[in-house]
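Visitor: With the sequence up front, the predicted model follows.
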Amino acid sequence: MFFKTKKRVERGIAFLDKHVPDWHYRINLEQLEMEFSDYCILGQLYGDYHRGTAKLDLDEWQAYQYGFLPLVQYKWDLGELFPWCLRRLAKIWKDQIIQKRKEDNKYYKFLKSIDAFGGKVRNMR
């Protein structure tokens, strides 16, 4: 369970895609820090982590399952490993958001390449 962080983040992305349109463009990746409730994913979307969980009707277990909390914060106290877990969680979120933004950009370019009147696909270069 401890090493399935990426899967939890992927669930969180799917959850946010369903409930918060264009959420990934509202995240400042340079400020993303899971340690601070104002700068975590939900903090950046809703002002702080607790407002975000309230607005999305999430309890701590659900927040953990969606990658908004590291395991150690939810269940275990691992002392010195805690900062490492937070950095790892933030890095996975950042990597996934960057990938999602790239995919959106490719889709947008594809849509622009389609001739609206003839339905023909133009060269995307």
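Guide: Looks like it arrived, so ask away. Note that this is a predicted model, so its numbers are computed, not measured. Numbers count the residues shown, from 1 in each chain.
Visitor: alpha carbons only for contacts and neighbour counts from here, please
Guide: Fine.
Visitor: I'd assumed residue 36 was in a helix, is it?
Guide: No - with DSSP: H, G, I helix; E, B strand; the rest coil as the criterion, residue 36 is assigned coil and is not in a helix.
Visitor: so where's this protein uncertain?
Guide: Applying pLDDT under 70 to the chain flags the ranges 1-3, 71-81, 107-125.
Visitor: For it, which segments count as helices?
Guide: Listed in chain order, the helices of the chain (DSSP state H) span 5-19, 41-46, 49-55, 60-65, 71-74, 81-113.
Visitor: To residue 28, which of those helices lies closest?
Guide: helix 41-46 (7.6 Å; Cα to Cα).
Visitor: Can you say which of the helices of the chain is nearest to residue 25?
Guide: For these, proximity to residue 25 was assessed by Cα to Cα; helix 81-113 is nearest, at 7.6 Å.
Visitor: How far away from the center of its chain is that closest one?
Guide: Its chain's C-alpha centre and that of helix 81-113 lie 7 Å apart, by Cα atoms, centre = their mean, to the nearest Å.
Visitor: and it, which residues are buried?
Guide: The neighbour-count check on helix 81-113 (16 or more other Cα atoms under 10 Å) flags 82, 85-94, 96-97, 113 as buried.
Visitor: Dump those into TSV; add distance to residue 8 as well.
Guide: Below are the buried residues of helix 81-113 laid out as TSV (distance: Cα to Cα, whole Å):
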residue	distance to residue 8
82	17
85	13
86	14
87	15
88	12
89	10
90	12
91	13
92	10
93	10
94	14
96	12
97	14
113	35
